[in-house]
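A.B. asks: just to be clear, the model below is a prediction. Sequence and coordinates:
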Amino acid sequence: MNVLLTCIGRRRYLAEYFKSELNGAGLVLGVDMNGGAPAASACDRFFSAPGLYADDYIDFLLNLCSVHRVSAILSLNDLELPLLAANAQRFREIGTIPVISSTEVVNLCADKFLTGQFAESIGVSTPRSYATLESAEDAISAGTEIFPLVVKPRWGSAGFGILFVENLDELRFAYAYCQRMWRKSAFARLGQPDAAVLVQELISGQEYGLDIFNDLEARPVGFAVRKKLSMRAGETDRAITVESEPFEDIATRIGNALGHIGNVDCDVIEREGRQYLLELNPRFGGGYPFTHLAGANLVRVLLNCVRGQHGQEVRYQAGIELFKCAYLASVGELAEQHVAMEASAG
């Protein structure tokens, strides 16, 4: 069984997790637009990809899957998810399982306003959200909303463009500034220029990350929870796993109603005993290693799903505290390996 990880970038740990689980019974292939991607040397084979929006990008991936008999393909990039979702059937036709949710689910997760509406529809608390500056100002004038507030892109990730405002002047400035930032960013491909900014109620409390896993038929398998202790560049930097029971209700509601495939990384904040859903990311997120190393081996669960095995459970140990650290890899070595792999592939 060979697995292809796309837009692998810095996710060395995922390549290593898949290699460990395959244990020589298959290869981990990686692709990235950056030939010197830090995760390149962690893959069994690595290939430099054309630009994400190049006309031949999907054909490039399809060819790799066909030539290397790839059993499953996973994306690690929010911008790529809509592309793979739209072309999922083309991968199935060549015998590759796209571990990707439907276009509807991907779009719902990418759009933070739709995410909030989804949460409300399944009885899950979520911050009050306003899709226009006018609606936010009306709520403030009516006394149904108070400062401070959050201003952020409606489509975005990794903490991009998030601002906090304390009064009307700051709100108006932040809204316009956030809109300009978003329109110049790669995220502009995901949404609508005239509805790019979201104003939200500020919820202060303890943040948690949930990995909620569904099988390839979108049936819930299980979930794991980590308490976020510190963040860096929009990702969890330090966390401790916690018991899952207090989150059983919110995880069950999301897993049953969302209909996602594989993992969904959920951001939840707890205030005065009430859990609020902030965001959904239908992929392995930056916080996954914390639950993986505590025993919630969703990579193994996923590979077993690809093999057609059912009846799995997600188990892990609470109270495992971990933090991320960095180490250096030679770009020269990565580039040299990349050239050698390209030559052998030819």
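C.D. replies: Happy to help now that I have it.

A.B. asks: flag every buried residue along the strand or helix carrying residue 5.
C.D. replies: In this structure, residue 5 sits in strand 2-6 according to DSSP states H and E. The neighbour-count check on strand 2-6 (16 or more other Cβ atoms under 10 Å) flags 2, 3, 4, 5, 6 as buried. For the C-beta atoms, the positions are set from N, CA and C on the backbone; glycine is no exception.

A.B. asks: please report the distance of the last one from residue 66.
C.D. replies: This points to residue 6. Look at residue 6 and residue 66: by Cβ to Cβ, to the nearest Å, they are 15 Å apart.

A.B. asks: before we move on, what about the fourth one?
C.D. replies: Here the distance between residue 5 and residue 66 works out to 17 Å (Cβ to Cβ).

A.B. asks: next: the first one.
C.D. replies: Taking Cβ to Cβ as the measure, residue 2 and residue 66 are separated by 11 Å.

A.B. asks: repeat for residue 305
C.D. replies: 22 Å.

A.B. asks: the two - which one has more neighbours?
C.D. replies: Ranked by neighbour count (other Cβ atoms under 10 Å), residue 305 and residue 66 place residue 305 first, with 24 against 13.

A.B. asks: need the pLDDT of that one.
C.D. replies: Confidence at residue 305, expressed as pLDDT, is 97.

A.B. asks: does it count as helix, strand or coil?
C.D. replies: What DSSP: H, G, I helix; E, B strand; the rest coil gives for residue 305 is helix.

A.B. asks: give the contact list for it.
C.D. replies: 215, 216, 312 (Cβ atoms under 8 Å, 6 or more residues apart in numbering).

A.B. asks: so for these, which is the shakiest by pLDDT?
C.D. replies: residue 312 (87).

A.B. asks: nearest residue to it other than its sequence neighbours?
C.D. replies: residue 301 (5.2 Å; Cβ to Cβ, 6 or more residues apart in numbering).

A.B. asks: and what of residue 261?
C.D. replies: residue 101 (4.7 Å).

A.B. asks: ok, that neighbour touching residue 263?
C.D. replies: No - with contact defined as Cβ atoms under 8 Å, residue 101 and residue 263 do not form a contacting pair (10.0 Å).

A.B. asks: tell me, what's touching these two both at once?
C.D. replies: Common contacts of residue 101 and residue 263 (Cβ under 8 Å, 6+ apart): residue 282.

A.B. asks: quick one: the helices in the stretch 201-346 of the chain?
C.D. replies: Ranges of helices within the stretch 201-346 of the chain are 248-258, 288-292, 298-306, 331-345, based on DSSP state H, counting those that start in this stretch.

A.B. asks: could you list the low-pLDDT ranges of the stretch 151-300 of the chain?
C.D. replies: In the predicted model of the stretch 151-300 of the chain, no residue satisfies pLDDT under 70.

A.B. asks: just give me the closest of the buried residues of strand 2-6 to residue 83.
C.D. replies: Using Cβ to Cβ, residue 6 comes nearest to residue 83 of these, at 9.5 Å.

A.B. asks: can you pull the contacts of the closest one?
C.D. replies: 30, 31, 32, 49, 61, 73, 74, 75, 76, 77, 80, 84.

A.B. asks: mind running it again at 6 Å?
C.D. replies: Applying Cβ atoms under 6 Å, 6 or more residues apart in numbering to residue 6 gives the contacts 31, 75.

A.B. asks: count the residues that sit near the residue lying closest to residue 27 once chain neighbours are set aside.
C.D. replies: In this structure, residue 27 finds its nearest non-sequential neighbour in residue 44, 4.1 Å apart by Cβ to Cβ, 6+ apart. Using other Cβ under 10 Å, residue 44 is surrounded by 18 other residues.

A.B. asks: do you know how far residue 44 is from residue 67?
C.D. replies: Going from residue 44 to residue 67 by Cβ to Cβ gives 14 Å.

A.B. asks: also residue 244?
C.D. replies: For residue 244, the distance to residue 67 - Cβ to Cβ - is 41 Å.

A.B. asks: give me the more crowded residue out of the two.
C.D. replies: residue 244 (18 against 9).

A.B. asks: I'd say the more buried one and residue 222 touch.
C.D. replies: No - using Cβ atoms under 6 Å, residue 244 is not in contact with residue 222; the gap is 8.3 Å.

A.B. asks: element containing residue 135?
C.D. replies: helix 133-141.

A.B. asks: helices or strands up against that helix?
C.D. replies: Using 3 or more Cβ pairs under 6 Å, 6 or more residues apart in numbering; DSSP states H and E, no helix or strand is in contact with helix 133-141.

A.B. asks: buried sites along it?
C.D. replies: Buried residues in helix 133-141 (16+ other Cβ under 10 Å): 133, 136, 137, 139, 140.

A.B. asks: show me what residue 155 bridges to in the sheet.
C.D. replies: residue 111 (DSSP bridges).

A.B. asks: longest strand of this structure?
C.D. replies: Using DSSP state E to define each element, the chain has its longest strand at strand 220-232.

A.B. asks: relative orientation of that one and helix 298-306 in degrees?
C.D. replies: Orientation note: strand 220-232 sits at an angle of 150 degrees relative to helix 298-306 (axes from the mean of the first three to the mean of the last three Cα atoms, to 10 degrees).

A.B. asks: give me the contacts around strand 220-232.
C.D. replies: By Cβ under 6 Å, 6+ apart, strand 220-232 touches 207-215, 236-242, 244, 247, 251, 255, 290-291, 296, 312-314, 316.
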